[in-house]
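Enquirer: fold the following.
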Amino acid sequence: MAKRTGNVCLFHRKAYGETTYEVIIVQIAKKDQSVKGRLIAKAGDERYPSPSQWGIAGWTYSASQSNEAEQRFQEQEEKQVAMNSFTHSDWGRK
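Expert: Model prediction:
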């Protein structure tokens, strides 16, 4: 992992001679998850976004797109900070 702020992560990966970057929003398992009777995640465990969440909570960039990956990380980081700055005590304020 190259960077993490809260649940937003930037990964730098090398595989098969290729460099890629992944930006993800860490997903938290809401309940225990099993596949064919085998526990794969407990409630509260962190996990990568599912394939169906890619493009919503996960993005992949090539080596030549490292600036775009950094920009996506910063955008998601800012969204998280904005969401976390809103508290229940702010409800009803004008």
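
Enquirer: which residues in this structure form helices?
Expert: For the chain, the helices defined by DSSP state H occupy 66-85.

Enquirer: residue nearest the centroid of this protein?
Expert: Ile25 (1.4 Å; CA atoms, centre = their mean).

Enquirer: for it, name its beta-bridge partners.
Expert: In this entry, Ile25 is beta-bridged to Val8, by DSSP bridges.

Enquirer: that one against Ser50, yeah?
Expert: No - contact criterion CB atoms under 8 Å: Ile25 and Ser50 do not qualify, at 11.8 Å. Where you see a C-beta, it was placed from the backbone N, CA and C, and this is true even at glycine.

Enquirer: got any residues that touch both of those two?
Expert: Common contacts of Ile25 and Ser50 (CB atoms under 8 Å, 6 or more residues apart in numbering): none found.

Enquirer: correct me, but Gly44 touches Asp32?
Expert: No - Gly44 is beyond contact range of Asp32, at 9.5 Å (criterion: CB under 8 Å).
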